[in-house]
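A.B. asks: Give me a model of this one.
(one chain, ligands or ions: 1)
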Amino acid sequence: MEVPIVISGGGIIGNYISLRLEKNNIKTVIVEKASGFLALDKGIRTVTLNEHSMQMLKNIGICPSIAQINSIDVLDGEGTGKIQFLAKDVGSENLSYVTYFNELQKLISDPCKERTFFNNEINSVQNLNTESDPEIMLKDGMIIKTNLIAGCDGRNSNIAKIASLTSSFDDYLQTALTFVVDINNNSHGKAHQVFSEKGIFALMPLPEGRGEMNKCTVVWSIKNQVLGDEPVSEFVKNNISFFESKLNVSLKVKSEILSFKLSNHHFENYISGPVVLLGDAAHSIHPLAGQGINLGFADADVFCEEVISSYKKGIAFNEKSVLKRYEIRRKSMNFLMLKSMDFFVDLFGSENLYLRLIRNLGISSLNKSKFVKAFFIRHASGMNKF
Ligand SMILES: Cc1cc2nc3c(=O)[nH]c(=O)nc-3n(C[C@H](O)[C@H](O)[C@H](O)COP(=O)(O)OP(=O)(O)OC[C@H]3O[C@@H](n4cnc5c(N)ncnc54)[C@H](O)[C@@H]3O)c2cc1C
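C.D. replies: Take a look at the predicted model:
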């Protein structure tokens, strides 16, 4: 078989790339390790999309159910600091959108099913470091001749290993819990985040299509030493009241509690010969600002722009300058976001009294500066494109 672009990994980013390139007459196939059936998480896991990612989805005709967020209150749970981000501060209607992970994954992968090899993976690649086109051997023995391999196979990327790319890795020694709650006082369009010694607690509205009027989603990151050996359900039962009183709401857990160990990684190089890394294959960050998938969408956008432009000019996709432009445009932006998340994790994870004081004073004065807040919002919205 011969196809210009092979995508390793049929997650949201891999499928997005396939849909956009095919719309521009560039043929792709997807190699996906899983069987194709989504693990049923009963609508618990959500992702927060920024304005740029939403726009990208709309442009390829994908419209998941969403809850709009037009204001975010960020509180220091141990002090008095509070900062409020409002969409109207930047002249927008919304800051971000919450959608169900599984729904988005299904909507975006269904149209790509016919060109996806499920239950499969890339075993080896011939001609990785030569001028000739690469030849891929899949686990089932199939051989594919191609120009370019897009690595969208998530954390622990298999194709990154085959291409001998290396990354930094940092274990946050934290666990994220995510679950659905009933809320007594659902102020539509509002999200809340509390930074405290009991963890970083984010409360966001859910899309209303499934009768979720009084339901919210929680993403709660906790230091492993604070979580201890207690079962997560007991930890939640014993500690959620702290956030209820901080936010002046009453919350009832209404779903299973999913948990994820938290770490970050970032590759020194995103390209090696004809292999390019995108999304979680290239980088992962702390979920505190809900930016993980948005960085992946921004990668996919720039990658598709470069590939489509070289197609129109008749330049080979694996031409070094094409891939290098993608890497230059995305690597520094992703690294900046990763380091910003680490700064907040360290600042709010600190028990040092002086740091706490600076934190409270800093947050309160930041809250008064419309200019600085607008800068943060624009950066997080993904509209500041390089
Ligand atoms: C608790 C938690 C909450 C989060 N919340 C948010 C949020 O609110 N907002 C946000 O933007 N992000 C969030 N994220 C991050 C977000 O989920 C990821 O950034 C996003 O899913 C990455 O998409 P991806 O397509 O790059 O990778 P993945 O979703 O990891 O997809 C990779 C795909 O590759 C496949 N694969 C794996 N190995 C192979 C192989 N060897 N060969 C072929 N295929 C393979 C996998 O089966 C999968 O289908 C959160 C993450 C966590 C852990």
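
A.B. asks: in the helix or strand containing residue 336, what counts as buried?
C.D. replies: Secondary-structure assignment from DSSP states H and E places residue 336 in helix 320-349. By neighbour count, and taking 16 or more other C-beta atoms under 10 Å as the criterion, the buried residues in helix 320-349 are 322-323, 325-327, 329-331, 333-334, 337-338, 340-341, 345, 347-349. C-betas here are computed from N, CA, C, even on glycine.

A.B. asks: And that helix, how far out from the chain middle?
C.D. replies: In terms of C-alpha atoms, centre = their mean, to the nearest Å, the centre of helix 320-349 is set 13 Å apart from its chain centre.

A.B. asks: and that helix, does that touch the ligand?
C.D. replies: No: between helix 320-349 and the ligand, judged by C-beta under 6 Å from any ligand atom, nothing touches; the nearest distance is 10.8 Å.

A.B. asks: Please report how far the residue nearest to residue 223 when sequence neighbours are not counted lies from residue 264.
C.D. replies: The shortest distance from residue 223 to any residue that is not its chain neighbour, by C-beta to C-beta, 6 or more residues apart in numbering, is 5.5 Å, and that residue is residue 174. Going from residue 174 to residue 264 by C-beta to C-beta, to the nearest Å gives 11 Å.

A.B. asks: does residue 246 really touch residue 75, like I thought?
C.D. replies: Yes: counting by C-beta atoms under 8 Å, a contact exists between residue 246 and residue 75, whose distance comes to 6.3 Å.

A.B. asks: Which is the succeeding secondary structure element to the lengthiest strand in the chain?
C.D. replies: Of all the elements of type strand in the chain, the one with the most residues (DSSP state E) is strand 167-183. Along the chain past strand 167-183, the next helix or strand (assigned with DSSP H and E) turns out to be strand 190-196.

A.B. asks: Just the mean pLDDT for the following helix or strand past that following strand, thanks.
C.D. replies: Read in the C-terminal direction, the helix or strand following strand 190-196 is strand 199-205, with elements assigned using DSSP H and E. Per-region confidence: strand 199-205 scores 93 on mean pLDDT.

A.B. asks: Who are the packing partners of strand 199-205?
C.D. replies: Applying 3 or more C-beta pairs under 8 Å, 6 or more residues apart in numbering; DSSP states H and E, one finds that strand 199-205 makes contact with strand 67-69, strand 167-183, strand 190-196, strand 215-223, helix 232-247.

A.B. asks: Give me every residue in the stretch 1-150 of the chain lying close to the ligand.
C.D. replies: Applying C-beta under 6 Å from any ligand atom, one finds that the stretch 1-150 of the chain approaches the ligand through 8-14, 31-34, 47-48, 121.

A.B. asks: tally of neighbours for residue 167?
C.D. replies: 19 (other C-beta atoms under 10 Å).

A.B. asks: ugh, typo on my part, it should be residue 196
C.D. replies: When counting by other C-beta under 10 Å, one arrives at 17 neighbours for residue 196.

A.B. asks: Verify the stated contact: it with residue 77.
C.D. replies: Yes: with contact defined as C-beta under 8 Å, residue 196 and residue 77 form a contacting pair (2.7 Å).

A.B. asks: what touches both of these two?
C.D. replies: 242, 243, 246 (C-beta atoms under 8 Å, 6 or more residues apart in numbering).

A.B. asks: now the first one: how far from residue 105?
C.D. replies: Taking C-beta to C-beta as the measure, residue 242 and residue 105 are separated by 33 Å.

A.B. asks: So which residues of the stretch 51-200 of the chain form strands?
C.D. replies: Assignment of strands within the stretch 51-200 of the chain using DSSP state E, counting those that start in this stretch yields the ranges 67-69, 71-76, 82-86, 96-100, 116-117, 122-126, 135-138, 143-145, 148-151, 167-183, 190-196, 199-205.

A.B. asks: Tell me which of those strands sits most buried.
C.D. replies: Neighbour counts (mean count of other C-beta atoms under 10 Å) averaged over each of the strands of the stretch 51-200 of the chain peak at strand 148-151, with a mean of 28.

A.B. asks: Report how many residues lie close to the residue in the stretch 51-200 of the chain that the ligand sits nearest to.
C.D. replies: When you check the stretch 51-200 of the chain against the ligand by C-beta to the nearest ligand atom, the closest residue turns out to be residue 154, at 2.6 Å. Other residues near residue 154 number 18, with proximity taken as other C-beta under 10 Å.

A.B. asks: Could I get the contacting residues of it?
C.D. replies: When contacts are taken as C-beta under 8 Å, 6+ apart, residue 154 is in contact with 9, 11, 279, 280, 281.

A.B. asks: For the residue lying closest to it once chain neighbours are set aside, give its distance to residue 157.
C.D. replies: Counting by C-beta to C-beta, 6+ apart, residue 280 is the residue found nearest to residue 154 once chain neighbours are left out, at 4.5 Å. Here residue 280 is placed at a distance of 8 Å from residue 157 (C-beta to C-beta).

A.B. asks: Same question for residue 68.
C.D. replies: When distances are taken as C-beta to C-beta, residue 68 and residue 157 turn out to be 33 Å apart.

A.B. asks: how much space is there between residue 110 and residue 75?
C.D. replies: Distance of residue 110 to residue 75, given as C-beta to C-beta: 40 Å.

A.B. asks: okay, now residue 94: neighbour count?
C.D. replies: Burial measure for residue 94: 17 neighbouring residues, criterion other C-beta under 10 Å.

A.B. asks: Write down the beta-bridge partners of the residue nearest to it when sequence neighbours are not counted, one by one.
C.D. replies: Across the structure, with C-beta to C-beta, 6+ apart as the measure, the residue nearest residue 94 apart from its sequence neighbours is residue 68 (4.6 Å). Counting by DSSP bridges, residue 68 is bridged to residue 97.
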